[in-house]
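A.B. asks: Generate a structure from the sequence data that follows.
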Amino acid sequence: MAATAVEDPRYGKVTAVRLTRGKEDKPVWSVGVTTIRPENTHIYQVDAVTGEVVRSRTTKPGPPPSATASPVERR
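C.D. replies: Alright, predicted model coming up:
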């Protein structure tokens, strides 16, 4: 139900779901949706009882691992 509340074909796909505690210690589902073009990830908190989206935010990913990885040393 939590994933259904935030899933939208225009955005991408649900990539993470976990049950956490939100404001006032109420249970919420934390749902991550990665966009089709991985420029942003949308994080939603969905009330575990009502299914209502109670909070959302957008994060930008860091540089790809290949850009920050140190070279592999061959022996």
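A.B. asks: Show me which positions of stretch 19-27 end up buried.
C.D. replies: Neighbour counts over stretch 19-27 (16 or more other C-beta atoms under 10 Å) mark residue 22 as buried. Every C-beta, even on glycine, is put in place using the N, C-alpha and C of the backbone.
A.B. asks: in this protein, what spans have low per-residue confidence?
C.D. replies: 1-11, 37-38, 61-75 (pLDDT under 70).
A.B. asks: where exactly do the strands run in it?
C.D. replies: 12-21, 27-35, 41-47, 53-59 (DSSP state E).
A.B. asks: Pull out the CA atoms of the third one and give them to me as PDB.
C.D. replies: Extracted as PDB, the C-alpha positions of strand 41-47 are listed here (Å, rounded to 0.1, in the frame of the first residue of the first chain):
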ATOM      1  CA  THR A  41      15.500  10.300  -5.800                       C
ATOM      2  CA  HIS A  42      12.200  11.100  -4.200                       C
ATOM      3  CA  ILE A  43      11.800  10.000  -0.500                       C
ATOM      4  CA  TYR A  44       8.200   9.800   0.800                       C
ATOM      5  CA  GLN A  45       7.000   9.100   4.300                       C
ATOM      6  CA  VAL A  46       3.600   7.300   4.200                       C
ATOM      7  CA  ASP A  47       1.500   7.000   7.300                       C
END
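A.B. asks: What strands flank that strand, and is each parallel or antiparallel?
C.D. replies: If you go by DSSP bridges, strand 41-47 pairs up with strand 27-35 (antiparallel), strand 53-59 (antiparallel).
A.B. asks: does residue 33 really touch residue 17, like I thought?
C.D. replies: No - if you go by C-beta atoms under 8 Å, residue 33 and residue 17 don't touch, sitting 10.0 Å apart.
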